[in-house]
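Q: build the 3D model from these lines:
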Amino acid sequence: RLRFADFERLGRCTSEQEVLDALRQFPAWSVAMAELEPSADAYVGRVELENALSGETLREYQALMHYIPQGDRQLMQFPVLLAERDAILRALRRLKAGPDYHGMPHPSRFLNRSRIDAQAIELCRDYTGLLSACAGSIYAPVLTHLQPEDGTKLPDYMMTESLLRTAYFTNVYRIVHRRYSGETKALLLR
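A: Just a heads-up that it's a prediction; the model follows:
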């Protein structure tokens, strides 16, 4: 619902507060922004702003899912699959950095609809735990393939990210090829 000019204006903002004030002007985001009133005891920064935007996106997604035809539901799971991929990469960064690393963003609320075990992935202590948390996901075969022979090491992060991205798009293309035809298929593939 934002136009290019709106994104340009938001891009010129120099603080979270300016972004928050600008987003309050848009009806689609005003409800989420109303939840973020800075005060002496409530800090509003990048993480809080991103969580409010993500929460609003999830509410919109869930409301729209009631109107999605059954045949399109599998394709429309894309935000959930992207949240799974992000959670896997976040856990891998945490595992690589070690137990003292606390710079992780909050997990997406889309994980509530996910096939991965969101709590287990946030608490895993090694790659085996990560694999276990992702057992039901489309990413499980990739992660299993990447499992190092030496159980104490972790796979290369950049390669893992690339292969997870490939698994995501392979899944989406498979759905499009299987469920759609004609102009709709051509549009989705483009």
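Q: from the chain's centre, how far out does the host helix or strand of Leu131 sit?
A: Applying DSSP states H and E as the criterion places Leu131 in helix 127-133. Mean-position distance between helix 127-133 and its chain equals 19 Å (CA atoms, centre = their mean, to the nearest Å).
Q: which elements pack onto that helix?
A: helix 78-97, helix 118-123, helix 140-146 (3 or more CB pairs under 8 Å, 6 or more residues apart in numbering; DSSP states H and E). Every residue, glycine included, has its C-beta placed from N, CA and C.
Q: how close does the closest residue to Pro155 other than its chain neighbours get to Lys153?
A: The spatial neighbour of Pro155 that comes closest, neighbours along the chain excluded (CB to CB, 6 or more residues apart in numbering), is Leu146 at 4.0 Å. Look at Leu146 and Lys153: by CB to CB, to the nearest Å, they are 11 Å apart.
Q: quick one, which of the two is more surrounded?
A: Set Leu146 next to Lys153 and count neighbours by other CB atoms under 10 Å: Leu146 wins out with 17 against 10.
Q: what sits against the more buried one?
A: By CB atoms under 8 Å, 6 or more residues apart in numbering, Leu146 lies in contact with 155, 159-160, 163.
Q: distance to Ala34 and mean pLDDT added to the helices and strands packed on helix 127-133, as TSV?
A: Below are the helices and strands packed on helix 127-133 laid out as TSV (distance: least, CB to CB, whole Å; pLDDT from 0 to 100):
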stretch	distance to Ala34	mean pLDDT
helix 78-97	23	89
helix 118-123	27	88
helix 140-146	40	95
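Q: with distance to Arg24 added, can I get those helices in CSV?
A: As requested, the helices and strands packed on helix 127-133 are exported to CSV (distance: least, CB to CB, whole Å):
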stretch, distance to Arg24
helix 78-97, 24
helix 118-123, 30
helix 140-146, 41
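Q: out of those, which one sits most buried?
A: Scoring those by mean neighbour count under mean count of other CB atoms under 10 Å gives helix 78-97 as the most buried, with a mean of 18.
Q: so Met33 is in which element?
A: Assigned by DSSP H and E, Met33 belongs to helix 27-34.
Q: which residues sit against that helix?
A: In contact with helix 27-34 (CB under 8 Å, 6+ apart) are residues 1, 20, 23-24, 52-53, 55-56, 60.
Q: buried residues in that helix?
A: By neighbour count on 16 or more other CB atoms under 10 Å, the buried set for helix 27-34 is 29, 32-33.
Q: and what of stretch 2-22?
A: 16, 19-20, 22.
Q: then stretch 176-189?
A: 176, 180.
Q: I'd like the average pLDDT over it.
A: Throughout stretch 176-189, pLDDT has a mean value of 92.
Q: and that stretch, how far from the chain's centre?
A: Worked out by CA atoms, centre = their mean, stretch 176-189 lies 24 Å from the chain centre.
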